[in-house]
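**Student:** Sequence first, predicted coordinates after that:
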Amino acid sequence: MTATTAFGVRSGGARQLAGTGTLLRFALRRDRVMIPVWVAVNALMVLSMPGTIKGLYGTAAERADLMRQMETNSSLRAMVGPVFDDSLGALTAWRVGVYAAALAAVMSLLIVVRHTRDEEESGRQEVVASGMVGRRASLTAALLTAAVANGVLALLVAGGLAGQGAAGALALGLGIAGVGMLFATMAAIVAQLTESARLARGLTAAVLGGAFVLRAAGDSATVDGSSVLTWLSPLGWLENLRAFAAERWWVLPLIAGAAVVQGVVAYELAGRRDLGMSFLPTRPGPAAGRLRTAGALAWRLQRGSVLGWSIGFFLAGVVYGGMTEGAADLVGDNEQAREIIARMGGQAGLTDAFVSAMVGMLGLIAALYVVASVLRLNGEEASGRAEPVLAGAVGRLRWAAGHLVIAFGGAALIMLLAGAGFAAGYGQDAGAILGACLVQLPAVWVIGGAAVLLHGVLPRGAVAAWGVAGAVLLLGWVGPALDVPERVLDVSPFGHLPKLPGGEMSWSPVLVLTSIAVVLVGAGLAGLRRRDMTT
């Protein structure tokens, strides 16, 4: 008889893992830029926080006052969670723990989908499978790649925060990595269920978004993370690990156990399907009617993504709008906190500056949407699906225009819905808030234009557009808290926008940024028209 291992592979079936080591080395080589960037950005965010918090709340009395304020401010608990202790380490875990875990989850799901469903969708996996490669080798290599990335992140966090308390640093590092691996194995399951890498990424990201919403809802209801809704979320598990605050070590086996169970399911599913197939095959669509134009085809391909982002932005706007009244109470007389919010949102009144800062954050996230939407062009081309479309009476520019209208127009839609949600949650100044949201669009479009340029001129390097968006997000998110010089913040197009509401409206930067976006898109389309199509 043969026994079954933790991941569902029979001990007598080692041949199913043949070639795993080679595929792992290949995956690490392919991700030699992406993984270090994700890990470094995440680690920098965590390790920079003790110094930032010390500058904001330098005395024990200020930190104790912060804890008291958080106990009475349910809106801000929903955003960053409850505070369990007033030490620098505990406040670091409180301020960035959930966000670091979310970034680790995104990194992990991208890695796993890239080395599983992406490879099958492109046809490369079929070539690899024709050699001496086991049936489950690709999945194993993908999960091991994610494990390496999360392991390095855990080591950096634990080592960098050891000065705040070795036990708490180890707990936080392992917790963040554990959540990352939990979503890695979840992505492995979804990659077996779906036929599209895009859908696999979207569904797993949607689960992550749901986990964040559950945690936020639970934390707004209780002051100690004990809500059932919090416990239903993996992000809530990290929170209840209570790093630097009498650690609950038994939460780590809960995270690890869930990851192992999901791994078993993923391995069983991988052994039961044919290469390139899925358990939930894509429903064939009509060949006529709404799909007679390239634009209609682009809309059909991206409508699910637009809908998901629209709902998410509207709900985020409602949540941020509900927090606005409590912003002044949390900051109180803390001058350092006021300065950070002012740097993010301008020098207007604190409430207006908070609204401006939150709207700016939504604009930064909208840049991720526009990059994802533009790079759908790259995915259609690389998979070979664009070639049959272009073989007919459809030119390259018309084909690209359909996707770009959705990318740039969709960015306007989600920012408009974010403003509507913000106004609904806040209940005041609807016109000013909508204007503040829409003024973010030129900067969002510049990032989209950079993605178009990369796809048009350097299609195999188009993925670098994620690096551009990530760098801008990092500058906007962490830069003000780290007191980064203004000239560095101005590298981001968002640094030049007028700070609304409350600030003075200036049309010059809006027009300049819009012009830059137009030039970038034009150059990218010119490159697409002249170069050969990739396969």
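**Tutor:** Thanks, I have it. Owing to the predicted nature of the structure, the values given are computational and were not obtained by experimental measurement.
**Student:** where does the stretch 201-350 of the chain have low pLDDT?
**Tutor:** Applying pLDDT under 70 to the stretch 201-350 of the chain flags residues 274-291, 325-350.
**Student:** Now residue 455. Nearest residue, chain neighbours left out?
**Tutor:** Residue nearest to residue 455 in three dimensions, not counting chain neighbours: residue 462, with 4.4 Å by C-beta to C-beta, 6 or more residues apart in numbering. For glycine as for every other residue, the C-beta is placed from the backbone atoms N, C-alpha and C.
**Student:** Kindly report the same for residue 473.
**Tutor:** residue 364 (4.9 Å).
**Student:** That neighbour looks like it's in a helix, true?
**Tutor:** Yes. Counting by DSSP: H, G, I helix; E, B strand; the rest coil, residue 364 is located in a helix.
**Student:** thinking again about what came up before, make sure the residue nearest to residue 455 is actually in contact with residue 378.
**Tutor:** Yes. Using C-beta atoms under 8 Å, residue 462 makes contact with residue 378 at a distance of 4.5 Å.
**Student:** Which one's more surrounded, these two?
**Tutor:** When residue 462 and residue 378 are compared for neighbours, residue 462 comes out ahead with 25 against 22, by other C-beta atoms under 10 Å.
**Student:** wait, what's in contact with the residue nearest to residue 455?
**Tutor:** Residues near residue 462 by C-beta atoms under 8 Å, 6 or more residues apart in numbering: 375, 378, 451, 454-455.
**Student:** at 6 Å instead, please
**Tutor:** By C-beta atoms under 6 Å, 6 or more residues apart in numbering, the contact set of residue 462 is 378, 454-455.
**Student:** Now for residue 462 and residue 378: what residues contact both?
**Tutor:** residue 455.
**Student:** sorry, back to before: residue 106 versus the residue nearest to residue 455, what's the distance?
**Tutor:** Per C-beta to C-beta, to the nearest Å, residue 462 is found 19 Å from residue 106.
**Student:** same check, this time on residue 485
**Tutor:** 29 Å.
**Student:** higher neighbour count, those two?
**Tutor:** Between residue 485 and residue 106, counting by other C-beta under 10 Å, residue 106 is the more crowded of the two (19 against 8).
**Student:** looking at this, that one is in a helix?
**Tutor:** Yes. Residue 106 forms part of a helix when assessed by three-state DSSP.
**Student:** List the buried residues of the strand or helix carrying residue 67.
**Tutor:** Per DSSP states H and E, residue 67 falls inside helix 60-72. Residues of helix 60-72 classed as buried: 62-63, 65-67, 69-70 (neighbour count, 16 or more other C-beta atoms under 10 Å).
**Student:** any idea which of the residues you listed is the one closest to residue 259?
**Tutor:** Closest to residue 259 out of the buried residues of helix 60-72 is residue 70 (30.2 Å), distances taken as C-beta to C-beta.
**Student:** Could you check the pLDDT of the closest one?
**Tutor:** We have a pLDDT of 73 for residue 70.
**Student:** wait, doesn't it sit right on residue 84?
**Tutor:** No. Assessed by C-beta atoms under 6 Å, residue 70 is found out of contact with residue 84, at 10.1 Å.
**Student:** check contacts around residue 450.
**Tutor:** Applying C-beta under 6 Å, 6+ apart, the residues near residue 450 are 468, 520.
**Student:** what's the distance between it and residue 63?
**Tutor:** To residue 63, residue 450 is 41 Å away according to C-beta to C-beta.
**Student:** Surely residue 82 and residue 223 touch.
**Tutor:** Yes. Look at residue 82 against residue 223 with C-beta under 6 Å: they come within range, at 5.5 Å.
**Student:** Please identify which of the two sits among more neighbours.
**Tutor:** residue 82 (23 against 18).
**Student:** Using the three-state scheme, assign the more buried one.
**Tutor:** Three-state assignment for residue 82 (three-state DSSP): coil.
**Student:** Secondary structure element holding the closest residue to residue 459 other than its chain neighbours?
**Tutor:** Residue nearest to residue 459 in three dimensions, not counting chain neighbours: residue 534, with 5.0 Å by C-beta to C-beta, 6+ apart. Per DSSP H and E, residue 534 falls between elements, in no helix or strand.
**Student:** Residue 272 too?
**Tutor:** Taking DSSP H and E as the definition, one finds residue 272 inside no helix or strand.
**Student:** and it, how many residues sit next to it?
**Tutor:** Considering only other C-beta under 10 Å, residue 272 is surrounded by 9 other residues.
**Student:** For residue 253, see how far away residue 247 is.
**Tutor:** Residue 247 sits 13 Å away from residue 253, taking C-beta to C-beta as the criterion.
**Student:** ok, those two, which is more surrounded?
**Tutor:** With neighbours defined as other C-beta under 10 Å, residue 247 and residue 253 compare such that residue 247 has more, 18 against 11.
**Student:** Helix, strand, or coil at that one?
**Tutor:** Assigned state for residue 247: coil (three-state reduction, three-state DSSP).
**Student:** ok, for it, nearest residue in space, not its chain neighbours?
**Tutor:** Residue nearest to residue 247 in three dimensions, not counting chain neighbours: residue 171, with 4.5 Å by C-beta to C-beta, 6+ apart.
**Student:** And for residue 379?
**Tutor:** residue 198 (6.5 Å).
**Student:** which helices and strands does whichever strand or helix holds residue 28 pack with?
**Tutor:** Using DSSP H and E, residue 28 falls within helix 20-30. Secondary-structure packing of helix 20-30 (3 or more C-beta pairs under 6 Å, 6 or more residues apart in numbering; DSSP states H and E): helix 137-160.
**Student:** Now do the same for the closest residue to residue 95 other than its chain neighbours: its pLDDT.
**Tutor:** Nearest in space to residue 95, with sequence neighbours left out and distances taken as C-beta to C-beta, 6+ apart, is residue 49 at 5.7 Å. For residue 49, the model assigns a pLDDT of 85.
**Student:** do the one 10 residues further on as well
**Tutor:** The predicted structure scores residue 59 at 80 on the pLDDT scale.
**Student:** Could you check how many residues crowd around it?
**Tutor:** A count of nearby residues for residue 59, using other C-beta under 10 Å, gives 9.
**Student:** Can you check which helix is longest in the protein?
**Tutor:** Counting by DSSP state H, the longest helix found in the chain is helix 294-331.
**Student:** how many other residues sit next to residue 387?
**Tutor:** Number of residues near residue 387 (other C-beta under 10 Å) recorded here: 12.
**Student:** for residue 470, same thing?
**Tutor:** Residue 470 sits with 18 neighbouring residues when counted by other C-beta under 10 Å.
**Student:** State the helix or strand in which it lies.
**Tutor:** Element membership for residue 470 (DSSP H and E) is helix 464-478.
**Student:** Check the offset of that helix from the chain's centre.
**Tutor:** 11 Å (C-alpha atoms, centre = their mean, to the nearest Å).
**Student:** which residues sit against that helix?
**Tutor:** Contacts of helix 464-478 (C-beta under 6 Å, 6+ apart): 41, 45, 364, 367-368, 371, 447, 450-451, 454, 489, 492, 494.
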